[in-house]
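Visitor: Pasting a predicted model and its sequence here:
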Amino acid sequence: MNKVVANAAEACKGIQDGMTLMVGGFGLCGIPESSIAELVKLGVKDITCISNNAGVDDFGLGLLLQGKQIKKMISSYVGENDEFERQMLSGELQVELIPQGTLAERCRATGAGIPAFYTPAGFGTEVAEGKETREFSGKMHVLEKAFDPDFAIVKAWKGDTNGNLIFKATARNFNPMMAMAGKITIAEVEELVPAGHLDPNAIHTAGIFVQRIFQGEGYEKRIEQLTVRTKN
Amino acid sequence: MNKVVANAAEACKGIQDGMTLMVGGFGLCGIPESSIAELVKLGVKDITCISNNAGVDDFGLGLLLQGKQIKKMISSYVGENDEFERQMLSGELQVELIPQGTLAERCRATGAGIPAFYTPAGFGTEVAEGKETREFSGKMHVLEKAFDPDFAIVKAWKGDTNGNLIFKATARNFNPMMAMAGKITIAEVEELVPAGHLDPNAIHTAGIFVQRIFQGEGYEKRIEQLTVRTKN
Amino acid sequence: MALDKNGIAQRIAQELRDGWYVNLGIGIPTLVANYIPEGIEVEFQSENGILGMGPFPFEGEEDADLINAGKQTITAMEGAVYFDSATSFAMIRGKHVQLTVLGAMEVSEKGDIANWKIPGKMVKGMGGAMDLVASADNIIVAMMHANKKGKSKLLKECTLPLTGVGCVKKIVTNLAVLDVLPEGGFKLCERAPGVMVEEIQAVTEGRLVVEGDVPEMQFGLESVS
Amino acid sequence: MALDKNGIAQRIAQELRDGWYVNLGIGIPTLVANYIPEGIEVEFQSENGILGMGPFPFEGEEDADLINAGKQTITAMEGAVYFDSATSFAMIRGKHVQLTVLGAMEVSEKGDIANWKIPGKMVKGMGGAMDLVASADNIIVAMMHANKKGKSKLLKECTLPLTGVGCVKKIVTNLAVLDVLPEGGFKLCERAPGVMVEEIQAVTEGRLVVEGDVPEMQFGLESVS
């Protein structure tokens, strides 16, 4: 089942103004750099973007914010970004903040055909306002619902032509759940191999969830907070 | 975080009459043979057993049925077992049948702190009787709840002393979700290695879910339906 | 002439489309894998945790850890992947599997299906069938038109406990190909070679909708893989 | 003398028990990892997807694909494991993590906590904090007793938007160790060395419960790892 497309341009075909996109990554770790660059090039506008964070000013989703391509961000944490703050305070940008675990579980639910589930996160806070709440085993929970994204864009370490994906270390983060959730899921990988070259036991995301896969180019993999020890 | 116990006897300490146990496996594939043998030896009675199937007459959970140790089976499919049929028809054994996907998702929910979720499976059937139903996006769904097992007993291919597990091929099946769900989770493995010997990227079940791990002995791995081709 | 089980499977195989992921139930549906049309690539999912299921292993090469949902020993194709049961049913409920083919005891003219329980007989369980029928947009039922006593299995209302409600869209039997109409009723799409509309009508208890000339099924254009 | 941030972390480290999985928030909580008592093994979970988090990498050995929830480059201990965000919060919500240590802007005498939003200021988001406080049975808040303006952070009622309701059980500040009582109120358990009960009372707006002699915190018995 060959899912390979030539490049980011091929992969992003059909992404249009006003669409809802899920974008993988945590901070700048495990983000689909090539696809984001392509979205900048395409100049698609009024995007609703579901992503745990919003990048930094000049990298990651920050690049889409610079071009005012994003109408609404749905995230759990959006610090580290001055342009984001400016657009949010000026009202140009809508922001919906969601507890990180709820965000992850809602992404999974979307792909798993679970329309709604109960979680204790956010009960008694403004996150629960307007939502159903309910007691289970003496504890209050909030009803949370699946998303409805048009595209999901994820980044993996290795992928095969069938769309099977393996992520590296903590660059996995939101990518596997978002891969499940897209009506069309685009996966960009650092290394694309023929089907059969990945251990079927070690694959994190099954190719059934991926519609388009390509090998990205020139990964910068910028580090947001470089923290090191010195030897002696 | 050393989780190693000497053997099945050590691992099964504390399992008592009347408890609810989750037992991994699909058919006879990926079942915790050593722990089941120990449960037979212990002779614990009145067990409520959550497991996709009920083994065959003389293997798997069938061994517990022979000793009339099981009070209630919660499964999706219980064929291939005459003693099971006899006990069920005579009323000695209670049986609750659950759609397989709902069973899997309820196991995951148990371990994931999700008390309840909606699924379309079983709507309009006797499975939905007495349960809440609700429409999402024009489709009816059933509210399904987490379990509350005392122990979960799973079988993995490889494990390390930290309790990290790797399963092999389709012997994975229900084992990872059940591992998440036990108040105490027992993992028996074919090969136990020191922490650090498994690729942290390739681990299926994180050691945090496992309280006791041991290397099992004399795995029979019986095949339920041997189907082969002949070479020309 | 009425089709045999292989004929039913062969006709269903014509419904396969390139790039589809397919879940085949036990019995006649399993045979569909033997008739994949030339030039079409599909991948088979088995709900116990494999995508890219291959043929049975050669004698002596069977692996107890590699089975399908019918508990049969199988092999894995190149590019296959294993996963747990929760992920497997995430694929199914999340509509990532494009086609489900399964058997049935009864189908109603509203698309209800009964295939798991006969009151008074030993009940083995629904396995994954309820998840499959409640989730898939595209379900084909493969079955005999009538049961062994000659009684129709295409009914106004199912008499047996249901597996799913209003979910069946297409039925392929030994006698015919039928679509379940949104407003209810079985639309006769194709007849088995040499089988008359009257013969089909005679064993269809539910409302049979016949419009114009009903063509015969065509075989032989696709080759057996 | 009031404790500094390291002192708060050191006191909290005394609460660690052998075999615990621990999630440390950003700020003071992160420092707890520097004071694990001798003979105790704990494993640190970072909610972005690692269990068995190790110290910062040596210069030049950093890996952009290996970070903690604060986006800092880290290392992995032997026996570490990586996982996705849904699994990570399954660990948290499912109570598999035995201790969560996090900072707060305000805590109420009922155990409510506010630590994510100041109306009128830029809101960065709650990250994983709402999941953590709603799930963990064992939450320790690490914070200064009063804010920079000298105003108490231990209140009758939180004035800021809440992160969680009735979830905080223990608070370690620069001045004291306090338990949140089930019936409401901050029970003074320990004083920082040389700090008087009156000093603590003066910066505790919520109900402070003082019973008998309140001991001083003890340090120095555990060694720095």
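Guide: That came in fine, so what should we check first?
Visitor: Just give me the neighbour total for C:Asp64.
Guide: Careful, residue C:64 is Ala; it's not Asp. If you count neighbours by other Cβ atoms under 10 Å in any protein chain shown, C:Ala64 ends up with 21. (Glycine included, C-beta is placed from N, CA and C.)
Visitor: Using the three-state scheme, assign it.
Guide: Following DSSP: H, G, I helix; E, B strand; the rest coil, we place C:Ala64 in the coil state.
Visitor: so how far is chain A from C:Asp18?
Guide: To chain A, C:Asp18 is 9 Å away according to Cβ to the nearest Cβ, to the nearest Å.
Visitor: excluding its backbone neighbours, what's nearest that residue?
Guide: Leaving aside its sequence neighbours, C:Asp18 sits nearest to C:Ile40 (Cβ to Cβ, 6 or more residues apart in numbering or on different chains; 4.7 Å).
Visitor: and what of A:Thr227?
Guide: Leaving aside its chain neighbours, A:Thr227 sits nearest to D:Gln72 (4.1 Å; criterion: Cβ to Cβ, 6+ apart).
Visitor: can you pull the pLDDT of the one you found?
Guide: According to the prediction, D:Gln72 has pLDDT 95.
Visitor: do A:Glu83 as well
Guide: 89.
Visitor: quick one on the thing from earlier: quick check, the residue nearest to A:Thr227 in contact with D:Pro57.
Guide: No - under the criterion of Cβ atoms under 8 Å, D:Gln72 makes no contact with D:Pro57, lying 9.8 Å away.
Visitor: Could you check how far A:Phe26 is from B:Gly218?
Guide: The gap separating A:Phe26 from B:Gly218 is 44 Å, by Cβ to Cβ, to the nearest Å.
Visitor: nope, C:Gln72 is what I meant
Guide: Distance of C:Gln72 to B:Gly218, computed by Cβ to Cβ: 25 Å.
Visitor: got the residues of chain A near chain C?
Guide: Where proximity means Cβ under 8 Å from any Cβ of the partner chain, the interface of chain A facing chain C comprises A:1-2, A:108, A:110-114, A:160-162, A:164, A:180, A:195-196, A:200-201, A:203, A:206-209.
Visitor: Sort out which of these are buried, if you could.
Guide: Buried members of the residues of chain A next to chain C, counted by 16 or more other Cβ atoms under 10 Å in any protein chain shown: A:1, A:108, A:110-114, A:160-162, A:164, A:180, A:195-196, A:200-201, A:203, A:206-209.
Visitor: In contact with A:Glu224, which residues?
Guide: Neighbour list for A:Glu224: A:Gly27, A:Leu28, A:Cys29, A:Val56, A:Glu80, D:Ile67, D:Lys71 [criterion: Cβ atoms under 8 Å, 6 or more residues apart in numbering or on different chains].
Visitor: now swap in C:Glu78 and tell me
Guide: Contacts of C:Glu78 (Cβ under 8 Å, 6+ apart): A:Ala195, A:Gly196, C:Gly52.
Visitor: Equivalent analysis for C:Leu102, please.
Guide: C:Leu24, C:Gly25, C:Pro29, C:Asn115, C:Ala129, C:Leu132, C:Val133, C:Ile139, C:Ile140, C:Val141, C:Ala142.
Visitor: Between those residues, which sits nearest D:Arg191?
Guide: Distance to D:Arg191, by Cβ to Cβ, is smallest for C:Leu132 among the contacts of C:Leu102, at 64.1 Å.
Visitor: Share the number of residues neighbouring that closest one, please.
Guide: 28.
Visitor: for residue 70, phi and psi?
Guide: You didn't say which chain, so I picked chain A. phi -100, psi 130 (degrees, to the nearest 10).
Visitor: nope, chain C please
Guide: Torsion angles, degrees, to the nearest 10, at C:Gly70: phi -90, psi 10.
Visitor: Would you mind listing what in chain A touches chain B?
Guide: Residues of chain A lying near chain B (Cβ under 8 Å from any Cβ): A:105, A:109, A:112-120, A:136-137, A:139, A:141, A:145, A:166-169, A:199-202.
Visitor: Could you write me a ChimeraX select line covering just the buried ones among those residues?
Guide: A single ChimeraX command selects the buried members of these (16+ other Cβ under 10 Å):
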select /A:105,109,112,113,114,115,116,117,118,119,120,141,145,166,167,168,169,200,201,202
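Visitor: Would you state the helices of the chain in chain order?
Guide: In the absence of a named chain, chain A is used. A:8-11, A:33-42, A:62-66, A:82-89, A:100-112, A:175-181 (DSSP state H).
Visitor: The intended chain is chain C.
Guide: Counting by DSSP H, the helices of chain C are C:5-13, C:28-31, C:85-93, C:129-135, C:197-202.
Visitor: For these, could you give me TSV that also reports distance to chain A and mean pLDDT?
Guide: Output for those, formatted as TSV (distance: least, Cβ to the nearest Cβ, whole Å; pLDDT from 0 to 100):
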stretch	distance to chain A	mean pLDDT
helix C:5-13	17	97
helix C:28-31	19	94
helix C:85-93	3	98
helix C:129-135	6	97
helix C:197-202	35	97
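Visitor: Would the lowest-mean-pLDDT helix or strand in chain A count as contacting chain D?
Guide: Every helix and strand in chain A was compared by mean pLDDT, DSSP states H and E; the lowest is helix A:82-89, with a mean of 89. Yes - judged by Cβ under 8 Å from any Cβ, helix A:82-89 and chain D are in contact via A:Glu85, A:Met88, A:Leu89.
Visitor: How about the first one, nearest residue that isn't a chain neighbour?
Guide: Here the nearest residue to A:Glu85 in space, its sequence neighbours aside, is D:Met122; by Cβ to Cβ, 6+ apart that works out to 5.1 Å.
Visitor: try the second one
Guide: Distances taken as Cβ to Cβ, 6+ apart place A:Val95 nearest to A:Met88, at 5.4 Å, with adjacent residues excluded.
Visitor: For A:Phe123, give me its contacts.
Guide: A:Thr133, A:Met140, A:His141, A:Val142, D:Ala134, D:Gly164, D:Val165.
Visitor: Relative to C:Gly127, how far out is it?
Guide: From A:Phe123 to C:Gly127 the distance is 37 Å (Cβ to Cβ).
Visitor: Show the residue spans covered by the strands in the chain.
Guide: No chain was given, so I picked chain A. A:20-23, A:47-50, A:70-75, A:94-97, A:116-119, A:133-136, A:139-145, A:151-160, A:165-166, A:184-193, A:212-215 (DSSP state E).
Visitor: that's the wrong chain, I meant chain C
Guide: Along chain C, the segments classed as strands by DSSP E run C:21-24, C:43-46, C:50-53, C:76-82, C:99-102, C:106-108, C:113-114, C:139-142, C:154-155, C:170-172, C:176-180, C:186-191, C:208-209.
Visitor: related to what we said a few turns ago, identify, from the contacts of A:Phe123, the entry nearest to chain C.
Guide: A:His141 (20.2 Å; Cβ to the nearest Cβ).
Visitor: Tell me the bridge partners for the nearest residue to that closest one once chain neighbours are set aside.
Guide: Spatial nearest neighbour of A:His141, chain neighbours left out: A:Tyr118 (3.9 Å); criterion: Cβ to Cβ, 6+ apart. Following DSSP bridges, A:Tyr118 is listed with bridge partners A:Leu143.
Visitor: From chain C, how far out is A:Tyr118?
Guide: 17 Å.
Visitor: Kindly report the same for A:Glu92.
Guide: Counting by Cβ to the nearest Cβ, the gap from A:Glu92 to chain C is 34 Å.
Visitor: from memory A:Pro32 sits against A:Ile213, does it?
Guide: No - the pair A:Pro32 / A:Ile213 is not scored as a contact, 11.5 Å apart, by Cβ under 8 Å.
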